[in-house]
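Student: quick check, what structure comes out for this input:
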Amino acid sequence: MVKIGNREIDINNEPYIVAEVGINHNGDLNKAFEMIKVAKKSGVDAVKFQTFKAEEFVNDSTQMFSYKSQGQEITEPMLDMFKRYEFTKEEWQSIKSKCDELGITFLSTPQNESDLELLMQIGIDAIKVGSDDFTNLPLLKSYAKIGLPLIISCGMADMAEVYETLNTLDAFNGESVILLLCTSQYPTPVEDVNLNKLKTLASSFPNITLGFSDHTQGFLASSLAITYGARFFEKHFTLDNDLPGPDHWFSENPASLEEWVNAIRMSYKMLGDSIIRPTKAEEQMKIIARRHIVALNDINEGEELNSSNLVLRRTGEPGLVPKFYEEIQGSKALKNISKGEMIRLGDFYVGK
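Tutor: Residues are numbered from 1 along each chain as shown. The predicted structure follows:
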């Protein structure tokens, strides 16, 4: 079990849902504030950002990056693009304060230790690590020393890497780690979602809390992931799919974000109880819908009960159920029974 703030997260608890801002604020603090409001309105538990200084993770200023934006293919230096999405320490403090004001948990992915130091200064309940750093063991070790829960996405990883990372984080000895299934394709096509991987992870690491970093479009994949044991969810969203930037076009918009959240919560409720027994409503329906033994004709006292004077019909009230129909054949009526009257215990006897 992993605890973020006051929320306990594991297979036996309600799903923890995160609206991922990522870089869809476009470096605009007011857009970031508006996205926090949208996230809060959607009903998620937390809103997540990405905290970085571009020059600390982009090595080559000439490295180019291509992406789709506003219906066009854009190619530009990666460093220039990420620098547009940086916030200052004061702006991060404002974002955290806005989350506190609206009553929604602030989360962020630090790209480096210096980013984590900043996040620790402004206050954070857990550390999210993206798939790009899933095998960055030195970085993960430094994060683990902080003692906060770690949420790690395993996009692009194979099973050996998953084991190595979990082992490095001491997750098998009870350290707070949530492992997110993720496909690092944006958006993820249906044939590459591979939700069956959750079954493999659950059987291989039964004590690790699982989640789903959903890069598909729509709510179906997350609803299905619930049934495979995922209890932590995150998904990119935007204020407008037509805003400029690499992630807007495939992200959920305010309306579809709310649908996604509602679908996850509804799916969890639908899992319900594993014990085979009727619901309270079915107990009432059972009385209405199921048949009981009634008199087909008027039956005189002492007359034999058999298929000529007994029938199974809906009665709208409890009575002798069909399994007794054959058992009471040949018994004798202890009293006069009117046509349509229910046969009850005490209305007949067995023998001569």
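
Student: just the residues contacting stretch 74-85, thanks.
Tutor: Outside stretch 74-85, the residues within contact range by Cβ atoms under 8 Å, 6 or more residues apart in numbering are 23, 25-27, 50, 52, 54-55, 57-58, 60-68, 246. In short, each C-beta sits where N, CA and C put it, glycine included.

Student: show the buried residues in those.
Tutor: I23, H25, N26, Q50, F52, A54, V58, Y67, P246 (16 or more other Cβ atoms under 10 Å).

Student: which ones among these are found in strands?
Tutor: Among the buried ones among the contacts of stretch 74-85, the members falling in strands are Q50, Y67 (criterion: DSSP state E).

Student: which of the buried ones among the contacts of stretch 74-85 sits closest to P15?
Tutor: Comparing those against P15 with Cβ to Cβ picks out Q50 as the nearest, at 22.2 Å.

Student: let me see the contact set for the residue lying closest to that closest one once chain neighbours are set aside.
Tutor: Taking Cβ to Cβ, 6 or more residues apart in numbering as the measure, Q50 lies nearest to T109, with 4.8 Å between them; neighbours along the chain are not counted. Neighbouring residues of T109 by Cβ under 8 Å, 6+ apart: K48, F49, Q50, T51, I127, K128, V129, G130.

Student: gap between T109 and D242?
Tutor: T109 sits 25 Å away from D242, going by Cβ to Cβ, to the nearest Å.

Student: secondary structure class for H292?
Tutor: The three-state assignment at H292 reads strand, by DSSP: H, G, I helix; E, B strand; the rest coil.

Student: who's in contact with the spatially closest residue to it that is not a sequence neighbour?
Tutor: Distances taken as Cβ to Cβ, 6+ apart place G319 nearest to H292, at 3.3 Å, with adjacent residues excluded. Counting by Cβ under 8 Å, 6+ apart, G319 makes contact with H292, I293, V294, M342, I343, R344.

Student: now G22
Tutor: Contacts were defined as Cβ under 8 Å, 6+ apart; by that measure G22 touches K48, F49, Q50, H236, D247, S251.

Student: can you name the residues that contact the second one?
Tutor: F49 makes contact with V21, G22, H25, A32, I95, F106, L107, S108, T109, according to Cβ under 8 Å, 6+ apart.

Student: do that again at 10 Å, thanks
Tutor: F49 makes contact with 20-25, 32, 35-36, 85, 87, 92, 95-96, 99, 106-109, 119, 128, according to Cβ atoms under 10 Å, 6 or more residues apart in numbering.

Student: across the sheet, point out what pairs with it.
Tutor: Beta-bridge pairing of F49 under DSSP bridges involves G22, S108.

Student: do you know the pLDDT at it?
Tutor: Taken from the predicted model, the pLDDT recorded for F49 is 98.

Student: please apply the same query to the one 3 residues further on.
Tutor: Per-residue confidence for F52 comes out at a pLDDT of 95.

Student: quick one: the residue nearest to it when sequence neighbours are not counted and R84, what's the gap?
Tutor: Taking Cβ to Cβ, 6+ apart as the measure, F52 lies nearest to Q111, with 3.7 Å between them; neighbours along the chain are not counted. As judged by Cβ to Cβ, Q111 and R84 stand 15 Å apart.

Student: which of these two has more neighbours?
Tutor: Q111 (22 against 14; other Cβ atoms under 10 Å).

Student: and the helices in the stretch 51-200 of the chain?
Tutor: 78-83, 89-102, 113-122, 137-144, 159-168, 196-204 (DSSP state H, counting those that start in this stretch).

Student: is it true that S256 lies in a helix?
Tutor: Yes - secondary structure assignment places S256 in a helix (three-state DSSP).

Student: from the buried ones among the contacts of stretch 74-85, pick the one nearest L180.
Tutor: Scanning the buried ones among the contacts of stretch 74-85 for proximity to L180, where the rule is Cβ to Cβ, the winner is Q50, at 15.1 Å.

Student: these two touch, right, the closest one and N112?
Tutor: No - applying Cβ atoms under 10 Å, one finds Q50 not in contact with N112, separated by 11.7 Å.

Student: nearest to S267, of the buried ones among the contacts of stretch 74-85?
Tutor: Distance to S267 across the buried ones among the contacts of stretch 74-85 (Cβ to Cβ) is lowest for Q50, with 27.4 Å.
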